[in-house]
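Participant: could you work out the structure for the sequence below:
(one chain, ligands or ions: 1)
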Amino acid sequence: MIMKILHGLLIAQCMISAAVFGQQPWASPKSRRLLQQTLADCLAPSGARLVYPTDSDYESARGHVYNHRYLYNPAVFVFSTTTAHVQSAVQCAVQLNLGIAPRSGGHSYEDYSLGGRDGIIVVDLEGLNAVTLDSGSGIASVGGGTRLGPLKLALWEQGQVTIPSGTCPSVGVGGHSLGGGWGFVARKWGLMADSLVAAELVTANGTLVTASASQNSDLLFALKGAGANSFGIVTTFFFTTYAVSDAVTYFNYDYGGNSSADDQALTLRAFQAWGAGATKDVSASLFQAPSGGNFFWGVFLGRKADLKGALQTFFDGAPVPSYGTTTELEVDYIRSVVINAGFAESDPISVLSLQDFTYESRFFKSKSIFVKGAGWPEAGIQAYVSALRQGPSFGQQSGAYMIMDLFGGGDSVINSVPSASTGFVHRDSLYSIQMFTYWDGPQDDTADISWIQGIWNTVRPYSSAEAYQNYIDSDMPVSAYYASNLDALKAVKRRWDPSNIFNFPKSIPLN
Ligand SMILES: Cc1cc2nc3c(=O)[nH]c(=O)nc-3n(C[C@H](O)[C@H](O)[C@H](O)COP(=O)(O)OP(=O)(O)OC[C@H]3O[C@@H](n4cnc5c(N)ncnc54)[C@H](O)[C@@H]3O)c2cc1C
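Facilitator: Okay, the predicted model is just below:
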């Protein structure tokens, strides 16, 4: 009888909460106070550290994201160090009818780990950062809030292995792997998502579920490239690892910071021609800036003596001029990671642990586009270069740049994966372009923003309609990110999150 009354009270409380908070929980100071009290009642028993808007550390908790353009106002941060903390947060979100977003590294280009709106529960995963390599299977288990720098360092120390992934050491494994994850061994071993063999995630009913090839394989399909805050919160990832005990060669050919428009066109032409047939042993990018920045860099999984042969087609099209700079370093794999992470060549590899690392948050706008086939025709290259040259100068506080990352071409493993077999659909591109402009905030630089939209419009006729979900952009439709996989992803969504608990402006919709 007592149980029955208690059960009835709980249901009544849920109904009141839904009625109150389903409307505008963030609308007035009074409703915010009520929300905070109700959240405290629901979340405090879990024992997680909670930070509310009235707490003195709220600003630092909120500001711990890379783009400071949109600092949304969460109703609470749940600093989770256990799976139970995450489960409790999901259960409270459901019970109180509130939005919820996990935050791994906080590097979403649109601050979507703050949910893309005010008044939600943000589940910070930084405390879930254990990395354990099973030397027998070569599978690494990785906590959902681990950053890429500490991850690569731990894998190197535990067995001189790695998981292909991006360059920035403070990026989180959560958003990065769930959206693809391109880095400097990707053409050899695929995207980070391609190495994902299993995951444990808290789903919409608060239970911990395993996604693997043999259990809930539809979820694994979705997580491999389309998993950011759409199906659940991944607490532990399991990845295949690759041996990197042999030396590699880091290279950087700088064509001069003041390259002419003709020279920028020349290197882009060479990048396309070389990239179309490039060996998978090289992963590389081309950087170009409006003021003439123009360099080509990457990693060759081979000896320095063999590098020139692997890049010959590039140099046939664009020889490095006498005023340019050539850097070719045969180093341990982990040293190439240190250099690509932006540290000095002489820094100890322990810098990857990020213990004394504070990343520089920015005010910025980014866009992306995939280029397919053999790349742009000459008309596209000319249109691009002329639009590029009209952008803001590249500098410390403000500026703009383009980075072309080679995804396909030659025998790239990225494009050997069938596009319908994982959530990451873009398997037939030659390269992606990341377009980036940043300024001294907090006011938007409207000239920069309209320039970046303009250059995207200029190159669109020569490119695909697809864009890279890890360079997420509030202006793009969800279909640009998931294309022909979108219907299959919606079906997974309907099965695992029929009430759309996990949502943000670019999440997988139900229909
Ligand atoms: C400086 C910088 C360098 C970058 N370099 C590269 C690069 O080399 N290659 C590349 O491919 N990309 C790169 N990126 C893009 C990066 O991959 C994406 O921004 C990625 O989403 C960041 O992941 P995060 O965990 O740090 O971000 P977050 O902001 O924490 O998360 C991003 C999204 O994923 C969701 N999410 C996070 N964790 C989980 C989880 N455990 N379960 C479910 N959903 C989750 C969040 O809610 C949010 O919607 C870079 C970004 C920056 C800012």
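Participant: tell me, what residue is most central in this protein?
Facilitator: Most central in the chain under Cα atoms, centre = their mean is residue 176, positioned 3.4 Å from the mean C-alpha point.
Participant: and that residue, how far from residue 105?
Facilitator: Going from residue 176 to residue 105 by Cβ to Cβ, to the nearest Å gives 7 Å. For glycine as for every other residue, the C-beta is placed from the backbone atoms N, C-alpha and C.
Participant: got it, and residue 111?
Facilitator: 12 Å.
Participant: same thing with residue 314?
Facilitator: The spacing between residue 314 and residue 105, counted by Cβ to Cβ, is 32 Å.
Participant: likewise for residue 260?
Facilitator: Applying Cβ to Cβ to residue 260 and residue 105 gives a distance of 38 Å.
Participant: do I have it right that the residue nearest to the centre of the chain meets residue 470?
Facilitator: Yes: the pair formed by residue 176 and residue 470 meets the contact definition of Cβ atoms under 8 Å, at 6.6 Å.
Participant: sorry, back to before: which neighbours do residue 176 and residue 105 have in common?
Facilitator: Between them, residue 176 and residue 105 share the neighbouring residues residue 148, with contact defined by Cβ atoms under 8 Å, 6 or more residues apart in numbering.
Participant: nearest spatial neighbour of residue 159, skipping sequence neighbours?
Facilitator: The shortest distance from residue 159 to any residue other than its chain neighbours is 5.1 Å, reached at residue 133 (Cβ to Cβ, 6 or more residues apart in numbering).
Participant: what's the one helix or strand the one you found maps to in contact with?
Facilitator: Assigned by DSSP states H and E, residue 133 belongs to strand 131-134. For strand 131-134, the surrounding residues in contact (Cβ under 8 Å, 6+ apart) are 139-143, 146, 150-151, 154-155, 158-159, 161, 241.
Participant: neighbouring strands for it, and are they parallel or not?
Facilitator: Strands adjacent to strand 131-134 in the sheet, as given by DSSP bridges, are strand 139-143 (antiparallel).
Participant: C-terminal to the strand it pairs with, what's the next element?
Facilitator: If you walk from strand 139-143 toward the C-terminus, the next helix or strand you reach (DSSP H and E) is helix 148-159.
Participant: what packs against that next one?
Facilitator: Other helices and strands packing on helix 148-159, by 3 or more Cβ pairs under 8 Å, 6 or more residues apart in numbering; DSSP states H and E, are strand 131-134, strand 161-162, helix 173-178, helix 333-340.
Participant: so which bits of the first one are buried?
Facilitator: Just to be clear, that refers to strand 131-134. Buried positions in strand 131-134, judged by neighbour count with 16 or more other Cβ atoms under 10 Å: 131, 133.
Participant: how about stretch 35-42?
Facilitator: Going by 16+ other Cβ under 10 Å, stretch 35-42 has these buried residues: 35-36, 38-39, 42.
Participant: out of these, list just those in helices.
Facilitator: Within those, residues falling in helices by DSSP state H are 35-36, 38-39, 42.
Participant: nearest to residue 202, out of those residues: which one, please.
Facilitator: Taking Cβ to Cβ as the measure, residue 42 is the one of those closest to residue 202, at 15.6 Å.
Participant: separation between residue 149 and the ligand?
Facilitator: Remark: distance between residue 149 and the ligand (Cβ to the nearest ligand atom, to the nearest Å) = 11 Å.
Participant: show me what contacts the closest residue to residue 104 other than its chain neighbours?
Facilitator: On the basis of Cβ to Cβ, 6+ apart, the spatially nearest residue to residue 104 that is not a chain neighbour turns out to be residue 174, at 2.5 Å. Taking Cβ under 8 Å, 6+ apart as the contact definition, residue 174 lies against 102-105, 125, 144-145, 228, 234.
Participant: show me which of those residues neighbour the ligand.
Facilitator: 102-105, 125, 144, 228, 234 (Cβ under 6 Å from any ligand atom).
Participant: in CSV: these, plus neighbour count.
Facilitator: Conversion of those to CSV gives the following (neighbours: other Cβ atoms under 10 Å):
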residue, neighbour count
102, 32
103, 32
104, 29
105, 26
125, 28
144, 30
228, 30
234, 29
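Participant: mind pulling up the pLDDT for residue 1?
Facilitator: Residue 1 carries a pLDDT score of 36 in this model.
Participant: again, but for residue 10
Facilitator: Note for residue 10: predicted pLDDT of 34.
Participant: and for residue 423, the neighbour number?
Facilitator: Residue 423 has 28 neighbours, counted by other Cβ atoms under 10 Å.
Participant: tell me how far it lies from residue 145.
Facilitator: From residue 423 across to residue 145, the span is 21 Å (Cβ to Cβ).
Participant: and for residue 34?
Facilitator: Applying Cβ to Cβ to residue 34 and residue 145 gives a distance of 30 Å.
Participant: and these two? Which one has more around it.
Facilitator: With neighbours defined as other Cβ under 10 Å, residue 34 and residue 145 compare such that residue 145 has more, 26 against 15.
Participant: skip the chain neighbours and tell me the closest residue to the more buried one.
Facilitator: Of all residues not flanking residue 145 in the chain, residue 125 sits nearest, at 3.1 Å (Cβ to Cβ, 6+ apart).
Participant: residues touching that neighbour, list them.
Facilitator: 80, 86, 102-104, 143-145, 172, 174, 233, 235.
Participant: give me the contact list for stretch 386-393.
Facilitator: With Cβ under 8 Å, 6+ apart as the contact definition, stretch 386-393 has outside contacts at 261, 264, 288-291, 398-400, 402, 437, 439, 445, 447-448, 451-452, 454-455, 458-459.
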